[in-house]
Structures are given as C-alpha cells and as structure tokens.
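# Quick one, structure for this:
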Amino acid sequence: MRDFQRPGRSPVFASSGMAATSHPLSTEVAVRTLQAGGNALDAAIAACAMQCVVEPGSTGIGGDCFALLAMAGGDRVHAYNGSGRAPAATSADDLRAQGVESIPVHSPHAVTIPGAVEAWSRLHHDHGRIGLDRILQPAIDVARNGYPIAPRTRFDWLEQRDLLAREDDTRTLFLPGGEPPAVGDIHHQPQLAATLERIATEGADAFYTGAVAEDMVSCLRTRGGVHTLADFAAARGEYVEPIATDFRGYRVWECPPNGQGVIALLLLNIFRELPTTDGPLGLNRVHAEIEAAKLACAQRDALVADPALADVPVRDLLSRERAQALAAAIDPKRAGPRHPPVLTRVNQDTVTISVVDREGNAVSLINSLFNPFGSGLLAPRSGVLLQSRGQAFTLEPGHPNEIAPGKRPMHTIIPGMITQGGRVCMPFGVMDGHYQPLGHAQLLARMFDFGEDIQSAMDLARFSPEPDANGIDIENQVPAAVIAGLQQRGHPLNLGARPIGGAQAIWIDHDRGVLIGGSDARKDGCAIGY
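Just a heads-up that it's a prediction; the model follows:
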C-alpha cells in the first residue's frame, strides 16, 4: 500500500468495466461507450479515435495500429497487425543513389501507408457490437467543436515546434500564432472531423480511396514521394499468431515480428535468470536491467524485420539457451560495450489503451505516428497528419530490415496481454518506442518479482539505454547512491533528460470479480471504472 502522505495515485477499482488511457477525454469516452452497450473493442476504438484528435503528437489516423484481444474472459489471444507497408515503387538503390544514408523524419519516404483505419474497421467488423458511426461520433464532435490542450500534450508539442514549422499547412493548424497552443487553449481540427465523419458513415474505403486518399497521395508526391492511389487501395492488415513466454507462473503474450514484442519476451526470459534480492531500484538490479536491455536491443536491431520478406528467428530468440547466454554475458560490475544500432531513429510518442468490459472481453490496443507528430506532413484537405514509420527501415544493403517495395518496417509499438489457468488476467501496454520492450519487462517484474501493485509498478523511476547515443536516460527519482554506483560502473547517464514511457493496464481479479486499473502519472490520463 502506498504512503498516503506522499503525492501519488491509487489503483482504480471497479466491477463492471474499466478503461485506462493517457488522456482523460479518451478514458471517459471509452467508459461511456461501455455503458452505452459497446464492448471492450468498441470502447478501445472510441478511445483511440479521441486520442487521434486530442493527442495529435502521439497518434493519428495517418499512423499504424496493433491489437491483442482476449474474448469472454478466456485465454485465447487474438493478435492483429495493422502496420503499413512501403509504397510499391520504393527502391533502396534509388535512395542510396540520392545520397540518403538514413531516412529523415521530414521526408515522404518516411511515410508508409497508414494501417490504423483499416485495423479499426476490420477489428470492429469481426468483434465490435455497436455501429462505427456511434463509436467515432465523440471524436468527430471534439475535432469540430474544439478541445482544451492538456499539460503533457503541450510538453510534447513544444518539443516539435521546429518540425511543425517546416510546412505551411502544418504550421497553420498546429502552431496558431506561431506557437503551440497553451495549456487550456481550445484547439480545432475541422478537416479531420470531416474525414472521421466519412469513415464513420462509409467505412475504411472512405480513407483508402476517393478524396481523402487523393489528398494524401498529392501531399506526398508533390514532395518527392512515390506513393500511389493503388498503394492506399491495397492497404490490408492481418491477423497473426501471437507469441508468448512464461514468467513467474503467467503466460505473457505479444504480437510477433515485424513488431519488437519478441524482444520484450526475450527480456523477460533474461530477467528469469537475474537475482531478485536487490529490489527494483537497487544498484545491482538497475545495472543488470540496463545491460540486459542493451543486449536484447542489439538482437532486435540485427534480426527483427518483416517476416514476409525476411527470416526472423523467433523460436531461437525465445529459447532458454539464448536468454541464458545473454544473461551470462552481463558483467555484474562493469557496463558492457554498446553495439552500434542499425536503427537511426525511434519514437518517443504513442498511445496505449487497455479496456475490459463486464463480459470479460479484454483489449490492449496501440496506435502511433512513430515520431511525435509523425513526419510533420499534413494532407491539408483531409486534415490527416502522416506517420514517419519508414524511419525504422535501414538502408544497409542486405539487412533484414532494409527498405523494400511493399515491406513493413521493424515496428516499435507492442500491445501486451497476460493469461493464467485458462483466463485472461491483464491487458497492458507501455509507450515510448525503443523503451517499450524494457518497459514491458520492468512493469511485470516489478509486479511479480517485487510485489508492487499495478499503479506503484508504473510509478517507480525508469531508465532506458538510448539507441542513437552512448548514454542511459535515467529519471531523476532514481536514488542518488544508485546513480553514483552506475557511473562508477561505467554507465554514461543522461539524468532527468525526459520522462520515460507511459503505461496503461487493467488487472482482472477473477476470484473477487474486481477490475484493478493503473494509469501512468507521466501522462495526462487516468483509469476509470464503473
């Protein structure tokens, strides 16, 4: 139990339904959807659509979506990969000939075909209960009538001022008066409202064909992109077989590659080999987790790609032998070398949504533009901000993740699900690009190894090896003695550089018929139940 004399928040308890998101308007619309007769999938889509409006830096309909679903309280987990592909005319050789060594954020080549709307439509068709028009209406209303800017939303907005200022249309919409809106200012996105209304009444075809698709293709081709209307019309996600590992008596599920969920499972396998006597923020434990993350992410950068076009050794990555070998490679007293990353950019903004309804349906859904505000390219007539997911490709010839026609990039966004004994226990997610695999492993280790409740496990200080610099981002709540000890062991630290991640999760206590929610205080949101 937390110390009630210290600032903080308690887990949320309810019995009929619950949602946890990073924005209060999103959580509220999810709960209202449940109360209006929608199920957990309906509520997750409603929440996500709302966040595509009120958290435009974190997510949007011009991005991608992954989801895990466990229906009716059971342990059968469905996985959906809603990640977009590179255009059919993409050529790595052409990009290299132009002198491109890595794909920059503000480039049409960073824009893969958005997969989110197709994913919403397919999941809703297969699992939803109420009409898409009802589900999307709250997001349409706030996009048209305006919404107040929340504090963390503006914090992220400010960091992207230069990106947003590069394009006239983007600057006009997102930098009114030349600056990001202030906290509490009312912001409007009328063009996005009209596009969402089309999707609500006409379905995904309204996004991937016709005027909206023409607007997106025009935006990209006038800037040198090779996208075509045929690329958009052909956009399809797919159901995939989820992957899993056992951790402390629970089964932990992730989406398979091209996502990096396999690396979260690899880290859990490594964590099984680590001692738990030091406490979650003890020096030896923090050191070991940093080293494990460095080793696991080197595996990611070398091996994880689109399995349709590359051989990704998932079974070997999840073998006990691989985990034991990597755990044995950790020097308990010294920081190991940093392997040069293949990835040149990873995102720090995403939304993760957890919902459970009264029938026990559980959904973990993640939607993202990759870089905050994506590529910064706005299709002006439709109001669609386009993602920068193509930055995660490499231009290294022959690499499994080398950009290619119709290929999906290595993907950072990873929903999570836990089951035990034939029943689903917890939908969860942890945002923040590169950090997400370590974030998943840390959240579960803090709950199952160290006895933290769902909220305190999120509240504890975090740390993350950064892939594009020889440093460890570490939050300023890590004890001073631990920071000094890490520096003595050779870790270059970026103290208090940024808040790391943002988690959302709901624990299902089947024995008592209770839902227990946690929502990361690093974001604006909350968990709400009824």
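# State the three-state secondary structure for the residue lying closest to Gly73 once chain neighbours are set aside.
Taking C-beta to C-beta, 6 or more residues apart in numbering as the measure, Gly73 lies nearest to Gly360, with 2.8 Å between them; neighbours along the chain are not counted. The C-beta positions use only the backbone N, C-alpha and C, and glycine is treated the same way. Assigned with DSSP: H, G, I helix; E, B strand; the rest coil, Gly360 falls in the coil class.
# Double-check that Ser121 belongs to a strand.
No: judged by three-state DSSP, Ser121 forms no part of a strand; its state is helix.
# Was I right to think it contacts Ala206?
No: the pair Ser121 / Ala206 is not scored as a contact, 9.8 Å apart, by C-beta atoms under 8 Å.
# okay, and the common contacts of these two?
When contacts are counted by C-beta atoms under 8 Å, 6 or more residues apart in numbering, Ser121 and Ala206 are jointly contacted by Ile199.
# what sits opposite Tyr147 in the beta ladder?
On the basis of DSSP bridges, Tyr147 takes part in beta bridges with His187.
# how far away is it from Ala182?
As defined by C-beta to C-beta, to the nearest Å, Tyr147 lies at a distance of 14 Å from Ala182.
# what do you get for Phe13?
Separation of Phe13 from Ala182 (C-beta to C-beta): 35 Å.
# Of the two, which one has the most company?
Under the neighbour definition other C-beta atoms under 10 Å, Phe13 and Ala182 were set side by side, and Phe13 has more, 15 against 10.
# Now do the strand or helix carrying the more buried one: which elements does it pack against?
Using DSSP states H and E, the secondary-structure element containing Phe13 is strand 12-14. Packing contacts for strand 12-14, counted by 3 or more C-beta pairs under 8 Å, 6 or more residues apart in numbering; DSSP states H and E, involve strand 514-519, strand 526-529.
# got the contact list for the helix or strand just after that strand?
With elements assigned by DSSP H and E, the helix or strand that comes after strand 12-14 is strand 18-21. Here strand 18-21 makes contact (C-beta under 8 Å, 6+ apart) with 12, 26-27, 30-31, 34, 43-44, 47, 51, 351-356, 504-506, 515, 517-519, 525-530.
# Would you list the buried entries among those?
Judged by neighbour count, with 16 or more other C-beta atoms under 10 Å as the criterion, the buried members of those are 12, 26-27, 30-31, 34, 43-44, 47, 51, 351-356, 504-506, 515, 517-519, 525-529.
# and the lengthiest helix in the chain, average pLDDT?
Using DSSP state H to define each element, the chain has its longest helix at helix 283-303. The predicted model assigns helix 283-303 a mean pLDDT of 95.
# Then stretch 156-175?
So the average pLDDT for stretch 156-175 ends up being 95.
# One more: stretch 312-330?
In the prediction, stretch 312-330 has an average pLDDT of 96.
# Could you check it and say which residues are buried?
With burial defined by 16+ other C-beta under 10 Å, the residues of stretch 312-330 counted as buried are Val312, Val314, Leu317, Leu318, Arg322, Ala323, Leu326, Ala327, Ile330.
# ends of it, how far apart?
Stretch 312-330 stretches 24 Å from its first residue to its last (C-alpha to C-alpha, to the nearest Å).
# quick one, strands of the stretch 201-350 of the chain?
If DSSP state E, counting those that start in this stretch is used as the criterion, the strands of the stretch 201-350 of the chain fall at 238-240, 243-247, 250-254.
# rewinding a little: and the longest helix of the chain, what's buried?
With the criterion 16+ other C-beta under 10 Å, helix 283-303 contains buried residues 283-301, 303.
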